[in-house]
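> Any chance you could fold what I've pasted below:
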Amino acid sequence: MRNRINEWNAALEARVAQKRTADVAIELYDAAELFNHVLDDPVKYGFKDAISAGDSDEYIWRDILHPTTAMHKVIAADFAKFLAKGEDKSQEK
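Just a heads-up that it's a prediction; the model follows:
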């Protein structure tokens, strides 16, 4: 699975690189990297463990596929940091 993700990310980065210009800023956010950090140390992010599932803020997973609202909040906070870094870059011109 990791190989497929890496292949996809490489192809996506190549495609995005073709679209970047002096007037167009495009950045890629890697949610898989965040998930890896959370799954490696769930307690650090306020979760019980990496494998339990349920409708509670103590779980990463709502079911076998879907993240909980609590995990979506972690993603949103990380994405906001990512966007803020992009704003800093755009202001460097």
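
> can you pull the pLDDT of Ala32?
pLDDT, Ala32: 87.

> got the contact list for Thr69?
Asp57 (CB atoms under 8 Å, 6 or more residues apart in numbering). Backbone N, C-alpha and C define where each C-beta goes, glycine included.

> Kindly provide the distance from it to Trp61.
The gap separating Thr69 from Trp61 is 12 Å, by CB to CB, to the nearest Å.

> For the residue lying closest to Leu34 once chain neighbours are set aside, grab phi and psi.
Ranked by CB to CB, 6 or more residues apart in numbering and with sequence neighbours excluded, the top spatial neighbour of Leu34 is Asp78, at 5.1 Å. Dihedral pair for Asp78: phi -70, psi -40, per degrees, to the nearest 10.

> going forward can the numbers begin at 29, since that is how I track them
That works, and once the first residue is 29, the last one we named lands at Asp106.

> Quick one: mean pLDDT over stretch 114-121.
Averaged across stretch 114-121, pLDDT comes to 56.

> Can you pull up the most central residue in the protein?
With distances taken as CA atoms, centre = their mean, Ala59 lies nearest the centre of the chain, 2.0 Å away.

> I'd assumed Ile103 was in contact with that residue.
Yes: at 6.4 Å, Ala59 and Ile103 qualify as touching, with contact defined as CB atoms under 8 Å.

> Is Ala38 within a helix or a strand, and which one?
Using DSSP states H and E, Ala38 sits in helix 30-47.

> Which strands and helices lie in contact with that helix?
Counting contacts by 3 or more CB pairs under 8 Å, 6 or more residues apart in numbering; DSSP states H and E, helix 30-47 is packed against no other helix or strand.

> So what's the gap between that helix and the chain middle?
15 Å (CA atoms, centre = their mean, to the nearest Å).

> With only the CA atoms kept, save that helix in CSV.
This file holds the C-alpha atoms of helix 30-47, laid out as CSV (Å, rounded to 0.1, in the frame of the first residue of the first chain):
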residue,chain,number,x,y,z
ARG,A,30,2.8,2.4,0.9
ASN,A,31,4.4,1.9,-2.5
ARG,A,32,1.1,2.7,-4.3
ILE,A,33,0.8,5.9,-2.2
ASN,A,34,4.4,6.9,-3.1
GLU,A,35,3.8,6.2,-6.8
TRP,A,36,0.6,8.3,-6.7
ASN,A,37,2.3,11.1,-4.8
ALA,A,38,5.2,11.2,-7.3
ALA,A,39,2.9,11.3,-10.3
LEU,A,40,0.8,14.0,-8.6
GLU,A,41,3.8,16.1,-7.8
ALA,A,42,5.0,15.8,-11.4
ARG,A,43,1.6,16.9,-12.7
VAL,A,44,1.4,19.8,-10.2
ALA,A,45,5.0,20.9,-11.1
GLN,A,46,3.8,21.3,-14.7
LYS,A,47,1.0,23.6,-13.6
